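Undergrad: quick one, fold the following:
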Amino acid sequence: MSNTFTPGPWRPHPTEWDVILGERSPKERQSFPVCLINGETAEDAANARLVTAAPDLLEACKMALPRFEKMEAGDAKLTTRFLRAAIAKAEGRS
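TA: Residues are numbered from 1 along each chain as shown. Next up is the predicted model:
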């Protein structure tokens, strides 16, 4: 499995919330579907928002991990485990 993905930002299609759009590079201004969400419920819309936030959430986890790794408190150790697990999942290593 490849660890590469379309870099963010991702965003919902302007008229079709169930289509998540991305761009191959910042220079390339042509959008294309990254993901399709089937359904029309409020839960489906929430799923679309979560998928749209995925690249930003992964970046935030990667930025936070080194800070929590330096802390000694028990809560920091638990947070470190959660961050590592989330990053591994996003990168296809779990």
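
Undergrad: mind checking which helix or strand the residue minimising distance to the centre of the chain is in?
TA: By C-alpha atoms, centre = their mean, the chain has its centre lying nearest to residue 54, at 1.4 Å. Here residue 54 sits within helix 42-69, counting by DSSP states H and E.

Undergrad: now do that helix, average pLDDT.
TA: For helix 42-69, mean pLDDT is 91.

Undergrad: got the buried residues for it?
TA: 47-48, 51-52, 54-55, 58, 61, 65, 68 (16 or more other C-beta atoms under 10 Å). (Glycine included, C-beta is placed from N, CA and C.)

Undergrad: okay but the residue nearest to the centre of the chain is in contact with residue 10, surely?
TA: Yes. Between residue 54 and residue 10 there is a contact under C-beta atoms under 8 Å: 7.0 Å.

Undergrad: can I get the buried residues of helix 42-69 in TSV with distance to residue 78?
TA: As requested, the buried residues of helix 42-69 are exported to TSV (distance: C-beta to C-beta, whole Å):
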residue	distance to residue 78
47	27
48	30
51	26
52	28
54	23
55	25
58	20
61	14
65	13
68	9
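
Undergrad: out of those, which two sit at the greatest distance?
TA: Greatest spatial distance among the buried residues of helix 42-69 (C-beta to C-beta): 48 and 68, at 29.4 Å.

Undergrad: pLDDT score for residue 85?
TA: 97.

Undergrad: list the buried ones in whichever helix or strand it is part of?
TA: For residue 85, the host element (DSSP H and E) is helix 74-90. Buried residues in helix 74-90, defined by neighbour count with 16+ other C-beta under 10 Å: 79-80, 83-84, 86-87, 90.

Undergrad: and it, what does it pack against?
TA: With contacts taken as 3 or more C-beta pairs under 8 Å, 6 or more residues apart in numbering; DSSP states H and E, helix 74-90 sits against helix 42-69.

Undergrad: good, wrapping up.
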